[in-house]
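Student: could you work out the structure for the sequence below:
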Amino acid sequence: MALARLLGTAFLLLLFSHAEAAGEVGVNYGTVANDLPNPASVVQLLKQNGITMVKIYDANANALTSLANTGIKAMVMMPNANLARAASDPTYAAQWVQDNVMPYYPATQINAVAVGNEVFDDPSVDKMDLVPAMTNVQAGLAGLGVAGDIKVSSPIKFDALQVSWPPSSGRFRDDIAQPVMKPMLDLLQRTGSYLTINAYPFFSYYSDPRSISLDYALGNSNPGVSDDKANLRYDNLLDAQVDATHYAMEALGVSTVDAYVGESGWPTKGVVGGKIPPAARRLLGAAEGSARRLLDTGDDAGSPASIPNARAYNNNLINRMLSGRTGTPHRPNANMDVYIFALFNENDKGSNGADDVEQNFGLFYPNETKVYEFSFQGGGGPPGPSSDSWCVGNAAAGGKALQDALDYACGHGADCSAIQPTGSCYEPNTVLAHASYAFNSYYKKNNRAAGTCDFNGAASVVYQAPADTCSSAQPTWCVAKPGVGDAQLQPALDYACGHGADCSAIQSGGGCFQPNTVAAHASYAFNDYYQRNGRADGTCDFSGAAAVVNQDPGLCAATASWCVAKQGVGDDQLKQALDYACGHGADCSAIQQGGACFQPDNMPSHASYAFNSYYQRNGRASVACDFSGAGVVVYQQPTVGNCVLPSNG
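Tutor: Sure thing, here's the model as predicted:
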């Protein structure tokens with residue numbers, strides 16, 4: 001059967017519906033900080049970076065004046081403190097609109113008024129005031145003839161949902177469903193507005209990393225998860241959260257109101273609520289102070305708050321919106337705007353100082369430099385890290401500039417232990433050699449992101465391995481430490497396999513099952529985890545069970561493996577998995593009619609080809625050959641008719 005027929009008309013309709021949907025991506029401009037630039041400078045920053053939409057948490061006159069005649073759309077907010085008065089006094093609500101909206105509109109393109117923010121979580125606000133306040137503000141806009149252009153909504157936290165998984169079971173909390181959400185949704189439907197939901201996959205993953213895949217939370221390529229009740233598949237957690245909100249609205253009889261994302265983002269460092277995640281302590285085997293120091297550097301050593309993760313999440317979300325893909329599996333035709341949280345790191349947020357993730361969601365530092373690379377103008381997605389680039393010192397920068405940059409790199413996450421006087425890379429003892437080592441360590445830890453090899457001109461990227469024999473680019477391996485017993489190795493092995501290491505080859509029947517000892521299996525798993533995390537400092541410790549070595553330990557490499565369709569799986573399940581693989585990066589051209597691997601023309605053969613392409617392109621990660629149980633890894637090269645499946649091994 002031809003691939004076009006396998007994909008079916010539903011897939012084509014989905015593509016067209018995505019193209020027809022409308023949406024825009026903006027930022028939340030918070031000001032809970034004492035070191036931010038003035039509003040005029042902020043507006044210039046927005047313009048320079050192509051940001052066309054902003055949400056502010058009040059109706060600040062300086063900000064709204066600065067936004068005039070820029071074309072940047074603005075959502076303003078009535079603070080929670082004003083809600084009781086606005087609910088009880090329509091005249092007050094109308095005057096608030098007159099004073100806080102009309103002096104700036106239309107020169108400033110105010111497109112929405114948020115009435116309150118996360119009201120259900122504010123003990124100082126009576127939740128029963130929310131809908132009357134929204135109604136009176138909307139009436140004030142209508143009385144001035146601008147309600148068609150300026151919508152009224154109210155951002156609610158995702159915890160307003162009592163049930164969110166599976167998405168098709170989505171329901172609002174009992175205490176707000178009928179008394180608040182039902183009349184709110186009726187108002188939004190009647191006025192052509194939308195529900196605003198603040199949804200953070202970060203917090204869901206942070207609290208339950210064993211049940212949620214990091215790639216699924218980040219929106220990276222992954223096999224996805226199924227809502228069997230609705231027969232829908234989700235390949236990113238944000239879509240699942242938005243659809244849970246859609247279903248919750250439908251449970252209240254409202255099916256035509258869209259869910260917009262008022263806040264979503266990912267922090268670059270820190271912890272939630274001042275507590276180090278248990279996974280971090282277990283992995284690091286360290287006192288809380290040591291764990292906290294590692295987390296502060298942005299290492300993903302148990303906490304998902306890191307620069308690479310934030311960069312991946314926000315770029316994935318920005319690029320998705322720029323492509324017009326605003327629909328969700330349940331509502332492929334839905335419109336959706338998204339506001340990234342946040343524009344700046346805000347140093348007065350949270351209650352746990354600089355360790356608090358609340359202070360570290362910014363796209364920019366207060367000095368207006370980017371925290372990591374992104375683009376609101378297209379083409380700014382996170383480039384795949386190249387394994388063929390290195391960061392080295394620039395001799396022309398001079399000794400002082402190199403020393404300053406070296407100090408910065410070592411103080412911000414680079415592993416500089418090897419260039420200490422007793423370290424293996426102390427020689428040659430020159431500033432240039434030490435700086436090159438530190439720069440490259442910093443560059444690798446940040447996934448070779450653009451901007452992480454500059455150091456004010458003291459460094460540059462090269463595309464041939466540096467000539468010095470002690471570059472941090474030189475290979476290292478992570479193995480079980482001699483003398484550590486099975487009782488200590490087994491929990492560390494379980495941790496590695498449960499947190500990203502591909503351990504399929506050391507399962508019974510796998511290519512590296514022999515020798516069948518805990519030490520051999522642990523070394524394999526430790527090294528896989530270490531390499532997948534960029535050989536970052538802290539990723540080869542496992543509570544003292546592992547050690548880094550500089551000579552190839554001769555681990556079983558399982559250099560070749562393939563992913564094929566599992567025997568006994570029916571065509572219907574294979575077809576769904578085939579469609580997913582071909583739609584998410586697998587090269588399926590060879591199994592189209594006339595292609596080199598079109599024959600034999602049956603579902604298991606085509607699925608095996610597509611599964612294997614997807615598996616190889618995703619680095620042969622074990623999760624990339626699952627397809628809801630339709631795929632299986634094999635260690636002997638399979639053939640499909642006359643077509644030999646390739647391997648990157």
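
Student: Glu263 falls within a helix, correct?
Tutor: No: Glu263 is assigned strand when assessed by DSSP: H, G, I helix; E, B strand; the rest coil, not a helix.

Student: Met128: how many residues sit nearby?
Tutor: 12 (other C-beta atoms under 10 Å). (Each C-beta comes from the backbone N, C-alpha and C, glycine too.)

Student: cool, Ala84 as well?
Tutor: Ala84 has 16 neighbouring residues, counting by other C-beta under 10 Å.

Student: how about the contacts made by it?
Tutor: With contacts taken as C-beta atoms under 8 Å, 6 or more residues apart in numbering, Ala84 has the following neighbours: 125-126, 129, 133.

Student: then Ala86?
Tutor: Residues in contact with Ala86 (C-beta under 8 Å, 6+ apart) are 78, 92-93, 96, 115, 129, 132-133, 136-137.

Student: try it again with 7 Å
Tutor: Ala86 is in contact with 78, 92-93, 96, 133, 136-137, counting by C-beta atoms under 7 Å, 6 or more residues apart in numbering.

Student: quick one: the helix or strand encompassing it to chain centroid distance?
Tutor: Secondary structure from DSSP states H and E places Ala86 in helix 83-88. Centroid separation between helix 83-88 and its chain, computed with C-alpha atoms, centre = their mean, to the nearest Å, is 38 Å.

Student: and if you look at stretch 402-420?
Tutor: Put simply, stretch 402-420 sits 28 Å off its chain's centre (C-alpha atoms, centre = their mean).

Student: and if you look at stretch 232-252?
Tutor: 18 Å.

Student: with just CA atoms, put the helix holding Ala86 into CSV.
Tutor: Extracted in CSV, the C-alpha atoms of helix 83-88 (Å, rounded to 0.1, in the frame of the first residue of the first chain):
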residue,chain,number,x,y,z
LEU,A,83,-11.6,43.6,41.9
ALA,A,84,-13.9,44.0,44.8
ARG,A,85,-14.7,47.6,44.0
ALA,A,86,-15.0,46.8,40.2
ALA,A,87,-17.4,43.9,41.0
SER,A,88,-19.7,46.0,43.2
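
Student: beyond that helix, next helix or strand please.
Tutor: Scanning onward from helix 83-88 (DSSP H and E), the first element met is helix 90-100.

Student: helices and strands around whichever helix or strand comes after that next one, which ones?
Tutor: Downstream of helix 90-100, the next assigned helix or strand under DSSP H and E is strand 109-115. For strand 109-115, the elements it packs on are strand 73-78, helix 130-143, strand 151-153, judged by 3 or more C-beta pairs under 7 Å, 6 or more residues apart in numbering; DSSP states H and E.

Student: where does pLDDT dip in the stretch 301-450 of the chain?
Tutor: Scanning the stretch 301-450 of the chain for pLDDT under 70 picks out 301-303, 378-389, 395-396, 447, 449-450.

Student: which parts of it are strands?
Tutor: For the stretch 301-450 of the chain, strands defined by DSSP state E, counting those that start in this stretch occupy the ranges 338-340, 390-393.

Student: JSON lines for those, including distance to Ile197 and mean neighbour count?
Tutor: Below are the strands of the stretch 301-450 of the chain laid out as JSON lines (distance: least, C-beta to C-beta, whole Å; neighbours: other C-beta atoms under 10 Å):
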{"stretch": "strand 338-340", "distance to Ile197": "10", "mean neighbour count": "26"}
{"stretch": "strand 390-393", "distance to Ile197": "40", "mean neighbour count": "25"}
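
Student: do a quick rundown of the helices in the stretch 451-600 of the chain.
Tutor: Along the stretch 451-600 of the chain, counting by DSSP state H, counting those that start in this stretch, helices occupy 486-498, 518-532, 571-583.

Student: need those helices in a markdown table (columns: distance to Gln178).
Tutor: Shown next, in a markdown table, are the helices of the stretch 451-600 of the chain (distance: least, C-beta to C-beta, whole Å):
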| stretch | distance to Gln178 |
| --- | --- |
| helix 486-498 | 41 |
| helix 518-532 | 48 |
| helix 571-583 | 37 |
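
Student: and the pLDDT for the residue nearest to His584 when sequence neighbours are not counted?
Tutor: With sequence-adjacent residues excluded and distances taken as C-beta to C-beta, 6 or more residues apart in numbering, His584 is closest to Ser221, at 5.9 Å. With respect to pLDDT, Ser221 scores 74.

Student: Serialize the helices and strands packed on strand 109-115 to CSV and add fields for mean neighbour count.
Tutor: Output for the helices and strands packed on strand 109-115, formatted as CSV (neighbours: other C-beta atoms under 10 Å):
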stretch, mean neighbour count
strand 73-78, 23
helix 130-143, 23
strand 151-153, 24
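
Student: and these as a markdown table, adding distance to Ala501?
Tutor: Formatted as a markdown table, these follow (distance: least, C-beta to C-beta, whole Å):
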| stretch | distance to Ala501 |
| --- | --- |
| strand 73-78 | 44 |
| helix 130-143 | 47 |
| strand 151-153 | 44 |
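
Student: any idea which of those gets closest to Lys444?
Tutor: strand 73-78 (39.3 Å; C-beta to C-beta).

Student: before we move on, back to that, for Gly413, find the nearest of the strands of the stretch 301-450 of the chain.
Tutor: Nearest to Gly413, of the strands of the stretch 301-450 of the chain and by C-beta to C-beta, is strand 390-393 at 13.2 Å.

Student: show me what that closest one is packed up against.
Tutor: helix 431-445, strand 459-462.

Student: pick the most deeply packed of these.
Tutor: Per residue and on average, the most neighbours among the helices and strands packed on strand 390-393 fall to helix 431-445, with a mean of 26 (mean count of other C-beta atoms under 10 Å).

Student: may I have the predicted confidence score for the nearest residue to Met77 once chain neighbours are set aside?
Tutor: Nearest residue to Met77, sequence neighbours excluded (C-beta to C-beta, 6+ apart): Ala114, at 4.2 Å. Ala114 carries a pLDDT score of 98 in this model.

Student: residues contacting Ala114?
Tutor: Contacts for Ala114 (C-beta under 7 Å, 6+ apart) come out as 75, 77, 153-155, 196.

Student: and if you look at Val484?
Tutor: Ala545.

Student: how does it look with 8 Å?
Tutor: For Val484, the contacting residues are 519, 544-545, by C-beta under 8 Å, 6+ apart.

Student: pLDDT value on the spatially most distant residue from the centre of the chain, please?
Tutor: Here the centre of the chain is the reference, and by C-alpha atoms, centre = their mean the most remote residue is Thr91, at 44.0 Å. Per-residue pLDDT puts Thr91 at 98.
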